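[1] The sequence and its predicted three-dimensional model are supplied below.
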Amino acid sequence: MAMGLSAKGLSSANAFLRLILCLWFYSWNSANLFKNKLTVAMTWNQLDRMLSKITQLENDDASESRVYYRGS
């Protein structure tokens, strides 16, 4: 899936994605003035879980690519 991107490129793309999502999330919640702190905490946890899954998938793709291309 991640063909043409190095592991460092995936890492920086992931960091950029995290930054954009966190900035968007902060601006969205600051507009609501943190009315419901429990919902905010739950949403942060969901966001972090989603980003962890994305990172895991990227790492899996990178390791599969290395194994695949090692023999050729």
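    That came in fine, so what should we check first?

[2] List the residues that contact Leu47.
    Contacts for Leu47 (Cβ atoms under 8 Å, 6 or more residues apart in numbering) come out as 21-22, 25. From N, CA and C alone the C-beta is placed, and that goes for glycine too.

[3] In helices, which of those residues fall?
    Residues from those lying in helices, with DSSP state H as the criterion: 21-22, 25.

[4] Which residue comes closest to Cys22 once chain neighbours are left out?
    With sequence-adjacent residues excluded and distances taken as Cβ to Cβ, 6 or more residues apart in numbering, Cys22 is closest to Leu47, at 7.9 Å.

[5] In three-state terms, label the one you found for me.
    The three-state assignment at Leu47 reads helix, by DSSP: H, G, I helix; E, B strand; the rest coil.

[6] separation between it and Phe25?
    Separation of Leu47 from Phe25 (Cβ to Cβ, to the nearest Å) stands at 6 Å.

[7] if we can go back for a sec, tabulate the contacts of Leu47 (TSV), appending pLDDT.
    Supplementary listing: those in TSV, determined by pLDDT from 0 to 100:
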residue	pLDDT
Leu21	80
Cys22	76
Phe25	75
